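Can you look at this prediction? I've put the sequence above it.
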2 protein chains.
Amino acid sequence: MPAALAPEPTAPAQILSRDPRTVRSRAAVLQATVELMVERGVHTVSVDAIVERSGVAKTTVYRHWPTREALVMAAWQTLVSTDDVDPSGTMHEQLRTLALAFATRIGTPPMSLLLPDLMASSARDPKMHAMYDEVVRSRRRPVMETVQAGIAAGLLPPSTDAELVCQLILGPIAYAQLLRHAEVDTAFVERLVTVVLEAANQNMVRTTCD
Amino acid sequence: MPAALAPEPTAPAQILSRDPRTVRSRAAVLQATVELMVERGVHTVSVDAIVERSGVAKTTVYRHWPTREALVMAAWQTLVSTDDVDPSGTMHEQLRTLALAFATRIGTPPMSLLLPDLMASSARDPKMHAMYDEVVRSRRRPVMETVQAGIAAGLLPPSTDAELVCQLILGPIAYAQLLRHAEVDTAFVERLVTVVLEAANQNMVRTTCD
DNA sequence: ACTTTCCAGTACTGGACGGTATCGTAGTGT
DNA sequence: ACACTACGATACCGTCCAGTACTGGAAAGT
């Protein structure tokens, strides 16, 4: 089956190299890059260190990525995950699960160490900013959808501000996890979701203020 | 009024140099350092750039600070402010003022650009971590005190969890400002404080969960 | 006026780093 | 079996950077 004709629309630029040597090199370099980013910080990762850690020659690194920045970006790409958990269950349970996943994600390595670096980079680099938005939004989206579905299903008052509910849940978690370095455990997340949903249920979280 | 006798207990290690040349040099170097930290990021500030910007000779820089890291730390020290606004007013007004000051502080330069850098540094450097805690706690403390005073004055139910109230107010602001890059305006802060205080008033934010 | 202290300027060392060039070799698809 | 491709190794270049040594001169205190 000659596949030279099919351009494979849903696989942009990775299928070109079926040579196992290239995939081995790429994987080793990317893994070493991520490891070093976590260990020593993103901005202190040098190509020489990546070469030493991965066992891949420097020439090969520059054969795959034109510059150090491109390599770091590629390493970031391997870290954007979209594992959304949404089986059946009450809205409360779903939100608790999502909130806990959010807390765990940003509170444990590698993201707990990498997210501040990404935030710092995104303040001045537009590419990093785009990456950052992608990371944050991929976590925010399922929460937002769950709240909106709850409103649509009549589980929350129609005038509920879904965005504010979302922020009231994710905000304190991020604040506790990133700004304070307080421990975010299951009990805290449970209480938080309960309080916010209770307030929303009593129509305190409305789209219009007064 | 000769003040040579008073040791000035609240000025640890700066009074030793009364020579105006040294204070000029120190001020110029620190200012240039802060400027470059904001413009180019903390980790990309070089001593040569500081020398060029400040007009102070490299030798002089190293005469005042033993290493680059010490200079960066000294520059950070100039940025920890403790301007707490607490005149008279209702608890609601005080919290709104504090929340707005918090939002403005972390949402506008220089802190909007420096805080992510500080967070990233604090993840791996204990000294930076201490500095970071100092910055964050100085903003959190007056909010906490205001809430606790409100509980003591009977403005909020006695079983109110002051810490959770504090996190419900500051968390979404930090989240919106840092993780999302949404605009935090006065209306949002007002709504947020109103919602949280209303929920607390109805005894939804209790210390014990169930 | 005199001594001391601080300064600017310059030149330098040693090292780390990003990126390139060359070359011989080993694995790969056909 | 053969041509090809990617590879590892090494050496190299230019640049940037932290930190030091040395100088002559200016400003401070006395």
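Received it, and whenever you're ready, just let me know what you need. Just so we're clear, the structure is a prediction, and the values are computed from it rather than from any experiment.

ok, the most centrally placed residue in chain A to B:L71 distance?
Nearest to the mean C-alpha position of chain A, counting by C-alpha atoms, centre = their mean, stands A:V135 at 3.5 Å. From A:V135 across to B:L71, the span is 33 Å (C-beta to C-beta, to the nearest Å). (C-beta placed from N, C-alpha, C; glycine too.)

Ok, A:M73 next?
31 Å.

and A:D125, how many neighbours?
15 (other C-beta atoms under 10 Å in any protein chain shown).

about what we covered before: pick out whichever of A:M73 and B:L71 has more residues nearby.
Neighbour count, other C-beta under 10 Å: between A:M73 and B:L71, B:L71 has more, with 20 against 16.

The more buried one reaches B:R26, doesn't it?
No: when contacts are counted by C-beta atoms under 8 Å, B:L71 is not listed as touching B:R26 (10.1 Å).

who's in contact with the residue nearest to the centre of chain A?
By C-beta atoms under 8 Å, 6 or more residues apart in numbering or on different chains, the residues touching A:V135 are A:L79, A:V80, A:L115, A:L118.

Most widely separated two among these?
Farthest-apart pair in the contacts of A:V135 is A:V80 and A:L115; separation 12.0 Å (C-beta to C-beta).

quick one, which of these two is more surrounded?
Taking neighbours as other C-beta under 10 Å, A:V80 and A:L115 compare with A:L115 leading, 25 against 10.

Spatially nearest residue to that one (excluding sequence neighbours)?
A:I106 (5.8 Å; C-beta to C-beta, 6 or more residues apart in numbering or on different chains).

what sits up against the helix or strand the one you found falls within?
Taking DSSP states H and E as the definition, one finds A:I106 inside helix A:91-107. Here helix A:91-107 makes contact (C-beta under 8 Å, 6+ apart) with A:83, A:85-86, A:89, A:111-112, A:115, A:139, A:142-143, A:146-147, A:149-150, A:153, A:155-156, A:169-170, A:173-174, A:177-178, A:184, A:186, A:189-190, A:192-194, A:197.

Buried among these? Make that a PyMOL selection.
Applying 16 or more other C-beta atoms under 10 Å in any protein chain shown to those, the buried members can be selected in PyMOL as follows:
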select buried, chain A and resi 111+112+115+139+142+143+146+147+150+155+156+169+170+173+174+177+178+184+189+190+192+193+194+197
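
so which of the contacts of helix A:91-107 are also by DNA strand D?
Of the residues in those, proximity to DNA strand D by C-beta under 7 Å from any atom of the strand holds for none.

and DNA strand C, which of the contacts of A:V135 contact it?
Okay, of the contacts of A:V135, nothing touches DNA strand C (C-beta under 7 Å from any atom of the strand).

For those, point out the one with the lowest pLDDT.
Confidence by pLDDT is poorest for A:V80 among these, given 85.

That residue and A:E198, how far apart?
On the measure of C-beta to C-beta, A:V80 and A:E198 end up 34 Å apart.

So which elements touch the helix or strand hosting A:A75?
Using DSSP H and E, A:A75 sits within helix A:68-77. Helix A:68-77 makes packing contacts with helix A:20-40, helix A:47-54, helix A:126-152 when contacts are defined by 3 or more C-beta pairs under 8 Å, 6 or more residues apart in numbering or on different chains; DSSP states H and E.

ok, and for it, which residues are buried?
For helix A:68-77, by 16+ other C-beta under 10 Å, it's A:L71, A:V72, A:M73, A:A74, A:A75, A:W76.

can you tell if it touches DNA strand C?
Yes: contact of helix A:68-77 with DNA strand C (C-beta under 7 Å from any atom of the strand) involves A:R68, A:E69.
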